[in-house]
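Student: Have a look at this prediction, sequence included:
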Amino acid sequence: MDFKLKSQIMDAAGIKRALSRLASQIVENNVGTADLLLLGVRRRGVPLAERIADRIAELEGHRPPTGQLDITLYRDDLSTVGPSPVVNRTDIPVDVTDCIIVLVDDVLYTGRTVRAALDELIDFGRPRRVELAVLIDRGHRELPIQADYVGKVLQTTDDEIVKVMLEDYDEEEKVVVVERE
Amino acid sequence: MAFNRKDLLGTRELTVEEIKTILDTAESFKEVSTRSIKKVPTLRGKTIINFFFEPSTRTRTSFEIAAKRLSADAVNISASGSSVTKGESLIDTARNLQAMAPDAIVIRHRSPGVPHQLAKMVEASIINGGDGAHEHPTQALLDAFTIRERKGELAGLQVAIIGDIMHSRVARSNAHLLTKLGAHVRVAGPRTLVPPQFDKIVGESEGSITVCNRIEEALEGSDVVMMLRIQRERMSDAFFPSLKEYSIHYGLTLERLALASPECIVMHPGPVNRGVEISSEVVDSARSLVLDQVTNGVAVRMAILFLLAGREID
Amino acid sequence: MKLLIKGGRVIDPSRGVDEIADLFVEDGRISALESESPDEGIDIFDASGFVVAPGFIDMHVHLREPGEEYKETIASGAAAAVAGGFTAVCSMPNTSPVNDNASVTRYIIEKARAAGLARVYPVGAITRGSEGKELAEMGEMKEAGAVAVSDDGRPVMDSQVMRHAMEYACDHNLVVVDHCQDLHLSAGGVMNEGRCSTELGLKGIVSAAEENHVARDILLAELTGARVHIAHISTAGSVEMVRAAKRRGLPVTCEVTPHHLALTDEAVISFDTNTKMNPPLRSEADRKALIEAARDGTIDAIATDHAPHHFDEKMNEYDCAPFGVIGLETALGIALKVLYHEAGIELSRIIEMLTCGPARAFSLPGGSLEIGAAADVTVFDAAREWTVEPERFKSRSRNTPFAGWLVRGAVVTTFVDGRQVFRAG
């Protein structure tokens, strides 16, 4: 599939600044790092969670534990998504019960991924509170879900695609809006 | 498109890429079985029929647990004998199953080819849970998974398969699968129980298959030993004189195992006849992975159910 | 009543004829064969571009009547026969009841006469009930019209019984037909033993199970002087033994089926139960040996072993489904495709195996276009390609391994006693 670039939203520095702000807000809101657990939603939520944890460590002198959620098994569109999507490992290093969990994802769109992540999380135990941090909120929600921490809010149309590109997976580091050609 | 099949009928037709997809997916599912809530909603609302025409506790239970951990509804149907003795032809069996609108049917049958025949008649995914002496693909996949878990890589490994090769679907499915993954398979057993041209049944691959004249020859330097279950009724068909003689000449003892590589692992598809094809000392030793095989069986079957259910329907 | 079959390539191996000629039929008999002829006031069938041969004879069919009329009747089997170019068939005795006495023999002949299509020559049982123990009433069956004896499908295991059967058959000038199979060696087998059976986990039938009895029968033929016919020969080893026996002048003949000429055990890998027959489809080496034996004259006849089974019975597990496939309506197309178009065997040799070959082996009338013979004539197009569509068969059953095959060689019309009993639509 070919894409047409429409606009660039953030460069590497912009991403870094946004993540710093998210880190500050998370520790401010939770008054420190006690019981905090950052869970990245696969795939691009995972490096974002790691980077936020690094930033929190710089701010607070203590790095909260991090983990990753693979929500494939909790998707509500398995029968239409085929052929079989790749299932990856969920890795949660500590018992989630009584933790304050911050789910981290790159883009908040319909809210269905977050719904799946919440369902999965509940199967691991009973967290005290679950919060949501996203780099981009592009609107068009299909479920009553809101982020607690947002890097940037974008007005988009349904035809547009927000691509978050990170060095961990992509050749460059930027956020762009593209459209299918 | 790593896996887009309607059915899993055997390992013979799987590509290397498909095999790796199943094994990689199974690794993720193994983690699910370690959670306190060992259940994910993935196949909610799907119906899976376990249709066993042959008595089986292990495989049926493994499939049932796999289905339930994926939130599918698993139904067990047991029947004995052939459709002929029941007075119902295979086509009627197929139509009755179809009428229940299952999403997948796991079938075990004493006659080779029944899953293949049913697959052409029903829309549901057919999973071969063992058809006579033909194939038992999920067993071979869980064996490969278990080997990979221990050895990292199958390519280049020497794998000895020993015992009643003739009547073993496990031997056939493993012969196809292991050679595809680049392993070198050696088979051995009493001459009466090694069918002709067994070394010719597999296709071109990185691996190889050799029929050995003696069990010691197969064991020499091997990295993996798979022992096959010997069935008592083979005695009455004059395949060998007695279980005692069988165990003396073809059984796996610690002495014989010493011929294998020092890191050699021992496997058995179960149920084990202690003291016949394998001694208790070997079964209970640290090298025996018999229970790992059972654990991994659930993960591999979850992966298969997931991959078949997620296929593209056009 | 006169008929002229005009301008065809007349091939009559019984007399070494192969020429473009007009064939005259008068009152149901061949009256003349000429190159140029006046055509005043008689029925004319234009056979130009076609082969005109003696009516084919299939020395090995199962018509299922009496007893299993849901699979085939004598009438439906005879209709299938003439559609396949066969003007005569020999019906095997494994009906229910077994054709082991003159009353069953007469019943079959009567039914065939009523059908009025192909001639049906009953083959009687060797032993009572084909149980392999006591001899059947061969003399009476012969008088009633039986042309040979066989316990087809249930081979006589007791060699002493077989010896006596051969000795007794000599007295009545009957050929002993044997389905050669050592039942102990083949016990439980459902396909050829070899690479494919090993791969499929299906129980094999080793070649030696057939060869064991071929060897025995040749020895007994030598001992007793009986005429022995080996049914549906299937292995290279059997072929070699028959070749050697013939060289020594022993009265041994054999037949081969179209499916053993066209298919190997590789076909079983589909688990299609229409690849299950007895003897089983063998290896490629065996198939090649059969083709060579057809070429060099070791094989006397092409016989279909037409074995109808109901769809329901074949729709079962491979190892539970009954043995047997039908063959009357595909025999010519398969034989010409494999032997003529692929192996390059001469047409006259192939027609010999369909006409005078079987006639000589069983001492049957027919198989020749000599003047005065009954006008049993088959006209076919050796080149025409057609696709096998089982639903168009005249047979009551559909169990063919050739469904969907593109074959070459099609029957145009069939005459029995000068009557047109089949004409391609």
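Tutor: Done, it's in. Every value quoted in this text rests on a predicted model; they were computed, and no experiment measured them.
Student: Quote the end-to-end distance of stretch B:149-163.
Tutor: Between the start and the finish of stretch B:149-163 there is a gap of 24 Å, counting by C-alpha to C-alpha, to the nearest Å.
Student: Same question for stretch C:381-396.
Tutor: The straight-line separation of the ends of stretch C:381-396 (C-alpha to C-alpha) is 25 Å.
Student: which residues sit against that stretch?
Tutor: C:49-51, C:70-73, C:76-77, C:79-80, C:83, C:306, C:308, C:326, C:328-330, C:333, C:336, C:340, C:347, C:398, C:400, C:402-410, C:412 (C-beta atoms under 8 Å, 6 or more residues apart in numbering or on different chains). Bear in mind the C-beta positions are built from the backbone N, C-alpha and C, glycine included.
Student: I'd like to know which of these are buried.
Tutor: For these, a burial check counting by 16 or more other C-beta atoms under 10 Å in any protein chain shown picks out C:50-51, C:71-73, C:76-77, C:79-80, C:83, C:306, C:308, C:326, C:328-330, C:333, C:336, C:340, C:347, C:398, C:400, C:402, C:405, C:407-410, C:412.
Student: Which ones, among the residues you listed, also lie beside chain B?
Tutor: Applying C-beta under 8 Å from any C-beta of the partner chain, the subset of the buried ones among the contacts of stretch C:381-396 adjacent to chain B is empty.
Student: among the residues you listed, which are in helices?
Tutor: When DSSP state H is applied, those are split such that C:76-77, C:79-80, C:83, C:333, C:347 fall in helices.
Student: All the strands of chain A, residue numbers only.
Tutor: A:3-10, A:36-41, A:66-69, A:100-108, A:129-137, A:149-153, A:160-165, A:174-180 (DSSP state E).
Student: Next, name the residue at the spatial heart of the chain.
Tutor: The chain I'm using is chain A. Nearest to the mean C-alpha position of chain A, by C-alpha atoms, centre = their mean, lies A:D105 at 0.7 Å.
Student: um, chain C though
Tutor: Geometric centre of chain C, nearest residue: C:A303, 2.0 Å, by C-alpha atoms, centre = their mean.
Student: Tell me who's in contact with that residue.
Tutor: So C:A303 contacts C:58-61, C:231-232, C:255-257, C:358 (C-beta under 8 Å, 6+ apart).
Student: Which of these fall in helices?
Tutor: C:P358.
Student: Show the contacting residues for the spatially closest residue to C:S31 that is not a sequence neighbour.
Tutor: The spatially closest residue to C:S31, leaving aside those adjacent along the chain, is C:F24, at 4.5 Å (C-beta to C-beta, 6 or more residues apart in numbering or on different chains). Neighbouring residues of C:F24 by C-beta under 8 Å, 6+ apart: C:2-4, C:30-34, C:37.
Student: Give the PyMOL command for selecting the buried subset of those.
Tutor: In PyMOL, a selection of the buried entries from the contacts of C:F24 looks like this (16+ other C-beta under 10 Å):
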select buried, chain C and resi 3+4+30+31+33+37
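Student: State the pLDDT value of the residue nearest to C:S31.
Tutor: pLDDT for C:F24: 94.
Student: element containing it, please.
Tutor: Using DSSP states H and E, C:F24 falls within strand C:17-26.
Student: low pLDDT regions in chain A?
Tutor: A:1, A:78-85 (pLDDT under 70).
Student: Try it again at 50.
Tutor: Across chain A, not a single residue meets the criterion (pLDDT under 50).
Student: what pairs with the strand holding C:F24, and is each one parallel or antiparallel?
Tutor: Neighbouring strands of strand C:17-26 in its sheet, by DSSP bridges, are strand C:2-12 (antiparallel), strand C:29-34 (antiparallel).
Student: For residue 164, give me its contacts.
Tutor: No chain in the question, so chain A it is. A:44, A:106-107, A:135-136, A:175.
Student: actually it's chain B I care about, not the one you picked
Tutor: Contacts for B:D164 (C-beta under 8 Å, 6+ apart) come out as B:189, B:193, B:228-231, B:234, B:239.
Student: can you map out the helices along the chain?
Tutor: Defaulting to chain A. According to DSSP H, the helices that chain A contains are A:12-29, A:45-60, A:78-81, A:112-122.
Student: you looked at the wrong chain, it should be chain C
Tutor: C:74-83, C:102-115, C:138-144, C:159-171, C:195-200, C:207-224, C:236-247, C:258-262, C:284-296, C:311-314, C:331-335, C:347-354, C:356-362.
Student: In the stretch 101-250 of chain C, what residue comes closest to chain A?
Tutor: C:E199 (28.4 Å; C-beta to the nearest C-beta).
Student: If you could redo that for chain C, that was the one I meant.
Tutor: For chain C, C-beta to the nearest C-beta, closest residue to chain A: C:S270, 26.0 Å.
Student: list the contacts for the closest residue to B:A66 other than its chain neighbours?
Tutor: What sits nearest to B:A66 in space, not counting adjacent residues and going by C-beta to C-beta, 6+ apart, is B:R301, at 3.7 Å. By C-beta under 8 Å, 6+ apart, the contact list for B:R301 reads B:62-63, B:66, B:138, B:142.
Student: Kindly tell me how buried residue 176 is, as a neighbour count.
Tutor: Assuming you mean chain A. Neighbour count of A:V176, defined by other C-beta atoms under 10 Å in any protein chain shown: 18.
Student: should've been chain C
Tutor: Residues near C:V176, counting by other C-beta under 10 Å: 26.
Student: what are the bridge partners for it, then?
Tutor: Going by DSSP bridges, C:V176 forms beta bridges with C:V149, C:V228.
Student: How much space separates it from C:E167?
Tutor: From C:V176 across to C:E167, the span is 10 Å (C-beta to C-beta, to the nearest Å).
Student: picking up where we left off before, inside strands: which ones of the buried ones among the contacts of stretch C:381-396?
Tutor: Reading strands off the buried ones among the contacts of stretch C:381-396 with DSSP E, I get C:51, C:407-410, C:412.
Student: what residues does the worst-scoring helix or strand of chain C on mean pLDDT touch?
Tutor: In chain C, no helix or strand scores lower on mean pLDDT, DSSP states H and E than strand C:29-34, which sits at a mean of 88. Applying C-beta under 8 Å, 6+ apart, the contact partners of strand C:29-34 are C:2, C:10, C:17, C:21-25, C:369-375, C:418.
Student: ok, 10 Å please
Tutor: With contact meaning C-beta atoms under 10 Å, 6 or more residues apart in numbering or on different chains, strand C:29-34 is reached by C:2-5, C:10, C:12, C:15, C:17, C:19, C:21-26, C:52, C:54, C:368-377, C:417-418.
Student: If anything else comes up later, I'll come back, but that's it for now.
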